[in-house]
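J.: What follows is a predicted protein model with its sequence.
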Amino acid sequence: MNFWNKLFSKTPTAQDLKVQLKEIDREQKKKRRDLEINETLKQEKIREAVAAKKAGRQELLRDIFREMRQMEIDNGYANLDLRRLSLSKTALNSFLRKLELLEKKKDRKSLQNIIVRFRESPIQKAIDAAQVDDEAFQDMLEEILGEEEIEVTQGKGKEDAGFVQFDKAIEEMAKAEEAGSEEEDLDRYQEEINRAIKAEPEKVKA
């Protein structure tokens, strides 16, 4: 995602920015496809979990839960990448509009000044952290010489946090299926499963 360094390895042109924007579009499409595939896989895992519960295979059920937790983590990273790509696209479009205007005016001095400001700005840090909201990011673009930095904090957690809730939801879903419940009635169990695999892991003391 460190596209600023790549872009400013030389003095960029409007065409350079357009090429970079096309690369971002391609990457966004790829990430969205990955999320769609993961969603399909998650539905398959839920069916496997229900079958395991019915068969009394509790260890298999726990393994499936762990796989689904990892899938959820992977989805989180994919969504984070999509947010970074979105911020990058916003920044590049803003830069491109200004660059095209200055190129049209043949104002080389102002062009060089704005390139320096973008190069020295905290924009890349904000994009990497992906914690900034749209309004604040627009403010950063408008006041490119701001010095605020964004920190990312991460926590470690136990692998099986949320399994009890997952186990219960799968058990209830299995019973509902055996009772011949309509598919619409099973949706609430899907919500419980989603909450379980997204459960905040218990913090590990340092």
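T.: Okay, I see it.
J.: Report the next helix or strand after the helix or strand hosting residue 125 in sequence order.
T.: Here residue 125 sits within helix 123-129, counting by DSSP states H and E. For helix 123-129, the following helix or strand on the C-terminal side (DSSP H and E) is helix 134-142.
J.: export that next one as PDB, just CAs?
T.: The C-alpha coordinates for helix 134-142 follow below in PDB (Å, rounded to 0.1, in the frame of the first residue of the first chain):
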ATOM      1  CA  ASP A 134     -13.700  10.200   5.500                       C
ATOM      2  CA  GLU A 135     -14.200  13.700   6.900                       C
ATOM      3  CA  ALA A 136     -10.900  13.800   8.800                       C
ATOM      4  CA  PHE A 137      -9.200  12.400   5.700                       C
ATOM      5  CA  GLN A 138     -10.600  15.100   3.500                       C
ATOM      6  CA  ASP A 139      -9.300  17.700   6.100                       C
ATOM      7  CA  MET A 140      -5.800  16.100   5.800                       C
ATOM      8  CA  LEU A 141      -6.000  16.400   2.000                       C
ATOM      9  CA  GLU A 142      -7.000  20.100   2.300                       C
END
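J.: Can you give the distance from the next helix or strand after it to the centre of its chain?
T.: Where DSSP H and E defines the elements, the next helix or strand beyond helix 134-142 is helix 163-178. Put simply, helix 163-178 sits 29 Å off its chain's centre (CA atoms, centre = their mean, to the nearest Å).
J.: Give me the contacts around helix 163-178.
T.: Contact with helix 163-178 is made by 46, 49-50, 52-54, 58, 61-62, 65, 68, 185-186, 189-190, 192-193, 195-197, 199, as judged by CB atoms under 8 Å, 6 or more residues apart in numbering. Every C-beta, even on glycine, is put in place using the N, C-alpha and C of the backbone.
J.: filter these to the buried ones?
T.: Buried positions within the contacts of helix 163-178, assessed by neighbour count (16 or more other CB atoms under 10 Å), are 46, 49-50, 52-53, 61-62, 65, 68, 189, 193, 196-197, 199.
J.: need the residues you listed in a markdown table with secondary structure and pLDDT, can you?
T.: Compiled in a markdown table, the buried ones among the contacts of helix 163-178 are given as follows (DSSP: H, G, I helix; E, B strand; the rest coil; pLDDT from 0 to 100):
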| residue | secondary structure | pLDDT |
| --- | --- | --- |
| 46 | helix | 91 |
| 49 | helix | 93 |
| 50 | helix | 93 |
| 52 | helix | 93 |
| 53 | helix | 91 |
| 61 | helix | 93 |
| 62 | helix | 91 |
| 65 | helix | 92 |
| 68 | helix | 91 |
| 189 | helix | 73 |
| 193 | helix | 81 |
| 196 | helix | 77 |
| 197 | helix | 77 |
| 199 | coil | 63 |
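J.: Out of those residues, flag the one nearest to residue 34.
T.: Distance ranking of the buried ones among the contacts of helix 163-178 against residue 34, using CB to CB, places residue 68 first at 16.0 Å.
J.: ok so, going back, show me what the helix holding residue 125 is packed against.
T.: Packed against helix 123-129, as judged by 3 or more CB pairs under 8 Å, 6 or more residues apart in numbering; DSSP states H and E, are the following elements: helix 3-7, helix 58-105, helix 134-142.
J.: This completes my enquiry, with thanks.
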